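>>> have a look at this prediction, sequence included:
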Amino acid sequence: MRNQVQLITYVDRLGGSFAGLQQLLAGPLAGLFGGIHLLPFFHPIDGSDAGFDPIDHTQVDGRLGDWTDVKMLGAGVDLMADVIVNHVSSQSPQFLDYSARGDASPYAGMFLTRERVFPGGASEADLRAVYRPRPGLPFTEVFLQNGEQRVLWTTFTPQQIDIDVHHPEGARYLRRILEQFAANDIRMVRLDAVGYAIKTPGTSCFMTPQTFQFIDEFAAQARALGIEVLVEVHSYYRKQVEIAARVDWVYDFALPPLVLQAFAAGEARHLREWIRVRPTNAVTVLDTHDGIGVVDVGADATDRNARPGLVPPADIDHLVESIHQNSRGQSREATGAAASNLDLYQVNCTYFDALGRDERRYLLARAIQFFLPGVPQVYYVGLLAGVNDMALLKRTRVGRDINRHYYTQAEVQAAVHRPVVQDLFALIRLRNEHPAFAGEFTLSQGEPHLLEMGWRHGADFAQLFIDLRTADYRLEYSTATGPASLRFQAKAKSGTSWRGS
């Protein structure tokens with residue numbers, strides 16, 4: 001994977017189709033990205049979970065284009081796509097065959113039932129131990145078309161049926177996806193929901209030793225096809241470090257809340273601690289198609305006393321409240337029980353709104369992201385400094401849709417001329433092109449409210465200094481004719497939303 005900034009986007013929400021996305025990448029977004037993470041573009045893109053419940057994971061939704069379009073896009077940039085490991089749609093051909101024929105279907109063993117995992121029955125302790133990112137138990141009682149009744153394992157929604165990844169049909173299903181991707185020049189995959197893929201009685205059924213073993217096995221299959229693997233798991237930060245030691249790439253999901261907390265509190269103690277221990281084979285993000293994670297900086301849910309988080313509980317509470325205040329209460333309308341399709345560990349809000357639309361602090365947050373070791377990804381809404389889409393939230397009542405705006409070509413053209421977006425483009429180009437970022441990273445110690453990071457490669461250097469209280473900064477770098485500075489057009493808003501302890 002190239003050491004350049006990547007774009008993460010839905011095809012239909014930025015450009016409308018593969019052809020439209022290509023036009024943007026050849027036009028106003030030209031030269032910005034070394035790679036693109038294409039969020040689900042499979043048939044269909046508009047199921048119960050915005051494409052994360054594909055009916056056919058190997059078919060491009062015809063409204064976007066076809067595999068030829070995917071391959072053409074991959075000729076210019078590295079492409080990443082999702083392998084949705086844990087589940088398939090209840091409308092998939094495999095599940096419909098199982099529903100019609102029951103145990104006579106060749107796919108019968110592909111779908112997990114409660115009884116398959118707990119053949120002797122599940123005790124109350126067994127069920128309490130199971131970790132699920134949403135309220136309630138991960139089971140759905142279903143009447144099959146043949147009249148039989150089953151209790152199916154459904155980690156996320158009743159329309160997303162969990163599969164047995166070790167059953168021959170489950171393994172064949174996943175293998176076929178990898179082969180289709182490799183044949184169409186997708187060189188990296190994100191293992192979506194892989195942390196929930198292995199169910200072992202008596203455990204949390206989340207990121208267990210058996211899960212790690214499966215990740216190792218599946219990653220080996222992918223590498224044999226020339227595909228790198230990115231693991232997507234929201235979990236306790238020490239588990240992320242453990243995961244990183246065993247895979248090609250892991251997300252730095254602790255970074256988004258830590259950067260927000262640093263600006264809100266006006267000091268970087270918690271952020272500095274994470275920088276000290278974080279894995280460097282990380283894909284860094286501030287925003288994604290999901291919400292802003294809190295579990296990634298909190299205590300381990302299995303033992304909160306013995307395994308504290310990066311941020312104390314009181315500071316997490318302050319952080320969440322600061323997001324709600326900065327967004328004028330909009331994030332509160334989209335988070336938790338206020339909206340369907342909820343996650344217990346995420347706050348739904350655009351990152352720009354989470355910072356109170358403070359353009360200076362938003363750009364400095366991006367600078368922190370770009371200066372950390374790893375490969376940065378920028379979400380399409382964040383790329384355009386997008387604001388909360390309250391109309392879409394009202395229409396769908398899906399909390400995460402607040403940060404999943406459908407951009408028209410005209411909206412993109414207007415957004416790219418905003419000074420904050422032009423400043424972000426300049427920052428992206430500096431990160432992509434400056435040779436210092438191929439060298440060694442340094443983090444300076446100092447006053448809690450000051451953050452200083454730098455890179456040096458021979459005579460080349462790039463240095464970032466931020467006062468988190470005032471948003472004063474210096475961003476300096478070497479050129480062939482001597483040192484230069486990058487100055488943003490945006491000014492900081494006065495004050496911060498709270499001061500943490």
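Now that the structure is in, tell me what you want to look at.
>>> and Pro181, what helix or strand is that in?
Let me fix one detail, which is that residue 181 is Phe and not Pro. Here Phe181, judged by DSSP states H and E, is contained in helix 168-183.
>>> and what of Glu115?
helix 114-117.
>>> just the buried positions in the helix or strand just after that helix, please.
The first helix or strand that comes after helix 114-117 along the chain, using DSSP H and E, is helix 124-129. With burial defined by 16 or more other C-beta atoms under 10 Å, the residues of helix 124-129 counted as buried are 126, 129. Placement of C-beta: from N, CA and C, glycine included.
>>> quick check: mean pLDDT across helix 124-129?
Helix 124-129 carries an average pLDDT of 93.
>>> other residues contacting it?
118, 137, 201-205 (C-beta atoms under 8 Å, 6 or more residues apart in numbering).
>>> rerun that using 10 Å as the cut-off
114, 117-118, 120, 122-123, 137-139, 201-206, 302 (C-beta atoms under 10 Å, 6 or more residues apart in numbering).
>>> ok, then the element right after that helix?
strand 139-143.
>>> just checking: what are the partner strands of that following strand?
Using DSSP bridges, strand 139-143 pairs in its sheet with strand 149-153 (antiparallel).
>>> need the contact partners of the partner strand.
With contact meaning C-beta under 10 Å, 6+ apart, strand 149-153 is reached by 86-87, 90, 95, 98-99, 102, 108, 111-117, 130, 137-144, 158, 161-164, 196, 199, 205.
>>> 8 Å - rerun?
For strand 149-153, contacts defined as C-beta under 8 Å, 6+ apart pick out 111-115, 117, 138-144, 161-162, 199.
>>> and the very next helix or strand once past that strand, what's buried?
The element immediately downstream of strand 149-153 (helix or strand, assigned by DSSP H and E) is strand 160-162. Neighbour-count burial for strand 160-162 flags 160-162 (criterion: 16+ other C-beta under 10 Å).
>>> reformat those as CSV; add pLDDT.
Below are the buried residues of strand 160-162 laid out as CSV (pLDDT from 0 to 100):
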residue, pLDDT
Gln160, 95
Ile161, 96
Asp162, 97
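>>> SS state for the nearest residue to Leu486 once chain neighbours are set aside?
For Leu486, ignoring the flanking residues on the chain, the nearest one in space by C-beta to C-beta, 6 or more residues apart in numbering is Leu475 at 4.4 Å. Under DSSP: H, G, I helix; E, B strand; the rest coil, Leu475 falls in the strand class.
>>> quick check: bridge partners of Leu475?
Counting by DSSP bridges, Leu475 is bridged to Leu464.
>>> tell me the spacing between it and Asp287.
Using C-beta to C-beta, to the nearest Å, Leu475 is found at 21 Å from Asp287.
>>> higher neighbour count, the two?
Higher neighbour count among Leu475 and Asp287: Asp287, with 25 against 20, using other C-beta atoms under 10 Å.
>>> for that one, give me its contacts.
Asp287 makes contact with 256, 350-351, 379, 381-382, 403, according to C-beta under 8 Å, 6+ apart.
>>> is it in a helix, a strand, or coil?
Using three-state DSSP, the structure places Asp287 in coil.
>>> okay, now the nearest residue to Asn403 once chain neighbours are set aside: neighbour count?
Nearest residue to Asn403 in three dimensions, chain neighbours excluded: Thr350, at 4.9 Å (C-beta to C-beta, 6+ apart). For Thr350, the tally of surrounding residues (other C-beta under 10 Å) stands at 27.
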